[in-house]
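Asker: fold the stuff below for me.
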Amino acid sequence: MRRLRKVKILATLGPSSNDEKTIEELSRAGADVFRINMSHTKHDGLKQMVETIRRVEKTVGRPIGILADLQGPKLRVGTFNSDEIELEVGDHFTFDCLDKPGNRTRVYLPHPEIFESVRPGNRLLLDDGKVEMRCIESSGKEIVAEVVVPGTLSNRKGISLPDTLLGVRAITDKDRADLEAALENDVDWIALSFVQRPEDVIEVQQTVGSRAGVLAKIEKPQAVEKLEEIIANADAIMIARGDLGVEMPLEEVPGLQKRMIRMARKRGKPVVVATQMLESMINSPVPTRAEVSDVATAVYEGADAIMLSAESAAGEHPVQAVSTMNRIAIAVEQDDLFTSIIRAQQTEPEATSADAISAATRQVAETLDLAAIVTFTSSGSTGLRASRERPSKPIIALSPVMGTMRRLTLAWGLHCVQTEDEGNLDAMVDRACVIARQEGIAKVGDRIAITAGVPLGRPGTTNMLRIAFVEEQGARKK
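Answerer: Numbers count the residues shown, from 1 in each chain. So this is what the prediction gives:
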């Protein structure tokens with residue numbers, strides 16, 4: 001189950017892919033992490049899917065990450081007498097607090113926080129931006145808006161407010177219940193939707209603690225404005241291009257994608273590119289050329305992971321979608337230009353011994369043409385530092401903590417193996433050599449670089465670099 005690529009693949013589970021046979025096929029086809037969308041999953045379904053994934057994990061003999069994606073605050077209009085209405089340019093339309101069916105001129109909006117926050121001039125986007133309005137008047141009980149982009153508006157369609165900072169938390173009562181259920185079932189990552197500010201991430205971090213990683217989904221302009229602070233507080237980020245493309249001009253999203261990937265890499269935080277990557281494969285067994293180019297671009301940019309949503313959750317060809325994404329990523333990483341492009345985006349290490357050791361390890365491994373870099377990591381920080389360097393050599397991450405291994409399945413280039421804790425340095429070096437050989441990454445006579453923190457078992461103390469020869473019974477130190 002050693003991957004032939006370094007970028008990771010997330011696959012969303014759903015009606016097309018939540019049985020054990022398909023999950024195993026997805027894993028073998030290339031899925032490293034499975035996403036469970038809590039918008040469509042009840043707690044008993046979550047428990048069942050986690051148990052199924054863990055059985056598959058034992059079958060394939062490779063750590064598998066699980067990401068629970070919280071729904072977040074869903075803002076929707078009420079219903080209409082006629083189920084839907086037609087809106088023309090220049091029409092005036094009112095959103096109010098009257099809990100009764102709407103008509104051609106008004107509709108119920110069951111979100112008091114919107115009335116408190118929207119100001120004249122703010123945009124209101126409905127049904128994923130298909131209808132656009134601009135606020136003319138706003139009071140505590142109603143909003144009068146003018147239609148700018150006409151269209152059909154029907155029952156319970158979503159509403160987005162790209163110009164408005166809402167006084168609402170990113171985590172709802174439903175999310176809190178889902179979060180507790182996810183933590184009880186030992187998921188590895190919690191994805192937080194519709195983040196607006198770093199405080200949203202901090203609030204969830206306080207609940208999660210060290211039980212899982214917290215991934216902030218960047219899908220609102222307000223989050224883009226606070227991007228550095230959000231990345232600093234999150235354990236990872238996701239570039240959720242679907243909602244981001246609704247609330248921001250589409251032509252700005254590619255540049256933002258590049259910017260966010262580089263900012264996350266500088267911080268050593270995994271970054272996921274998501275939404276519509278192979279959208280046509282929901283129905284088609286092959287993608288469009290534009291989609292292939294889109295996936296390839298994310299890989300060339302050095303994203304840690306690329307994600308499938310409806311393609312694997314509800315599409316007709318979930319396994320083919322993962323297999324296709326896997327083949328694209330392998331082809332890109334084998335391109336002669338790939339290493340030079342990745343190297344051009346190299347970030348300077350922080351002035352710490354841990355960062356200096358990680359940067360030196362990459363340079364030593366490439367200069368001496370070593371077979372692999374092996375990192376011993378308890379908390380995962382050593383592995384993430386090695387990943388941030390984007391070395392051309394394979395990286396093996398070793399830890400006695402299975403939770404750490406599962407969490408690191410999201411990070412670029414890490415081949416994760418659970419192993420026993422070692423009591424002394426020589427035993428650790430021997431084990432690194434044995435595992436590198438067993439995993440098919442190094443052979444007898446090869447040399448590997450080994451990094452760890454000394455004294456052993458103390459998190460966050462990466463301070464050692466050792467080179468060793470791989471031998472039949474372990475290692476010859478150098």
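
Asker: now the strands for the stretch 301-450 of the chain?
Answerer: Using DSSP state E, counting those that start in this stretch, the strands of the stretch 301-450 of the chain run over 305-308, 372-376, 395-399, 414-418, 447-453.

Asker: tabulate the ones you listed (CSV), appending mean neighbour count, mean pLDDT and distance to residue 181.
Answerer: The way it works is simple: take the backbone N, C-alpha and C, and place the C-beta from them, glycine included. CSV is the format used below for those (neighbours: other CB atoms under 10 Å; pLDDT from 0 to 100; distance: least, CB to CB, whole Å):
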stretch, mean neighbour count, mean pLDDT, distance to residue 181
strand 305-308, 26, 98, 22
strand 372-376, 28, 96, 33
strand 395-399, 27, 96, 26
strand 414-418, 22, 97, 25
strand 447-453, 25, 92, 34
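
Asker: how about these in a markdown table, adding distance to residue 124?
Answerer: Output for the strands of the stretch 301-450 of the chain, formatted as a markdown table (distance: least, CB to CB, whole Å):
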| stretch | distance to residue 124 |
| --- | --- |
| strand 305-308 | 29 |
| strand 372-376 | 49 |
| strand 395-399 | 47 |
| strand 414-418 | 43 |
| strand 447-453 | 52 |
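
Asker: and of those strands, who's closest to residue 20?
Answerer: strand 305-308 (18.9 Å; CB to CB).

Asker: contacts for the closest one?
Answerer: Applying CB atoms under 8 Å, 6 or more residues apart in numbering, the external contacts of strand 305-308 come out as 7-12, 32-33, 35, 238, 270-275, 277-278, 295, 298-299, 318, 321-322, 325, 329, 410, 412.

Asker: select from those residues every entry located in strands.
Answerer: 8-12, 33, 35, 238, 271-274 (DSSP state E).

Asker: quick check, nearest of those residues to residue 435?
Answerer: residue 8 (20.1 Å).

Asker: which residues touch that closest one?
Answerer: By CB under 8 Å, 6+ apart, the neighbours of residue 8 are 32-33, 304-306, 409-412.

Asker: got it, and residue 412?
Answerer: Contact analysis of residue 412 by CB under 8 Å, 6+ apart lists 6-8, 270, 302-305, 387, 390.

Asker: now the phi/psi pair for it, please.
Answerer: The phi/psi pair for residue 412 (degrees, to the nearest 10) reads phi -60, psi 130.

Asker: can you give me the distance of it to residue 391?
Answerer: 10 Å (CB to CB, to the nearest Å).

Asker: next one: residue 228
Answerer: Distance from residue 228 to residue 391, by CB to CB: 26 Å.

Asker: those two - which one has more neighbours?
Answerer: The residue with more neighbours, out of residue 228 and residue 391, is residue 391; 26 against 12, by other CB atoms under 10 Å.

Asker: and for the more buried one, nearest residue in space, chain neighbours not counted?
Answerer: Residue nearest to residue 391 in three dimensions, not counting chain neighbours: residue 362, with 4.2 Å by CB to CB, 6 or more residues apart in numbering.

Asker: and the one you found, how many neighbours?
Answerer: Residue 362, neighbours per other CB under 10 Å, totals 22.

Asker: residue 387 is in contact with that one, correct?
Answerer: No: counting by CB atoms under 8 Å, residue 362 stays clear of residue 387, with 10.4 Å between them.

Asker: residues contacting residue 368?
Answerer: Counted by CB under 8 Å, 6+ apart, residue 368 has contacts 447, 467.

Asker: my bad, residue 259
Answerer: residue 227 are the contacts of residue 259 under CB under 8 Å, 6+ apart.

Asker: secondary structure class for it?
Answerer: Three-state assignment for residue 259 (DSSP: H, G, I helix; E, B strand; the rest coil): helix.

Asker: pull the longest helix from this structure.
Answerer: helix 43-60 (DSSP state H).

Asker: and for it, what are the contacting residues?
Answerer: With CB under 8 Å, 6+ apart as the test, helix 43-60 has contacts from 1, 13, 18-20, 23-24, 27-28, 34, 36, 38, 41, 63-64, 66, 68, 177-178, 181-182, 185-187.

Asker: tilt between the helix or strand following it and helix 43-60?
Answerer: Note on helix 43-60: by DSSP states H and E, the next helix or strand toward the C-terminus is strand 65-69. Interaxial angle, strand 65-69 versus helix 43-60 (axes from the mean of the first three to the mean of the last three CA atoms, to 10 degrees): 160 degrees.

Asker: identify the bridge partners of residue 80.
Answerer: residue 102 (DSSP bridges).

Asker: show me which of the ones in strands among the contacts of strand 305-308 is closest to residue 357.
Answerer: residue 271 (23.0 Å).

Asker: list the residues that contact that closest one.
Answerer: By CB under 8 Å, 6+ apart, residue 271 lies in contact with 236-239, 260-261, 264-265, 303-305.

Asker: which strand residues bridge it?
Answerer: Counting by DSSP bridges, residue 271 forms beta bridges with residue 237.

Asker: and it, how far from residue 95?
Answerer: Relative to residue 95, and taking CB to CB, residue 271 is found at 36 Å.

Asker: what's the closest residue to residue 81 other than its chain neighbours sitting at in phi/psi?
Answerer: Excluding its sequence neighbours, the residue lying closest to residue 81 (CB to CB, 6+ apart) is residue 101, at 4.7 Å. Torsion angles at residue 101 (phi, psi; degrees, to the nearest 10) stand at phi -60, psi 140.
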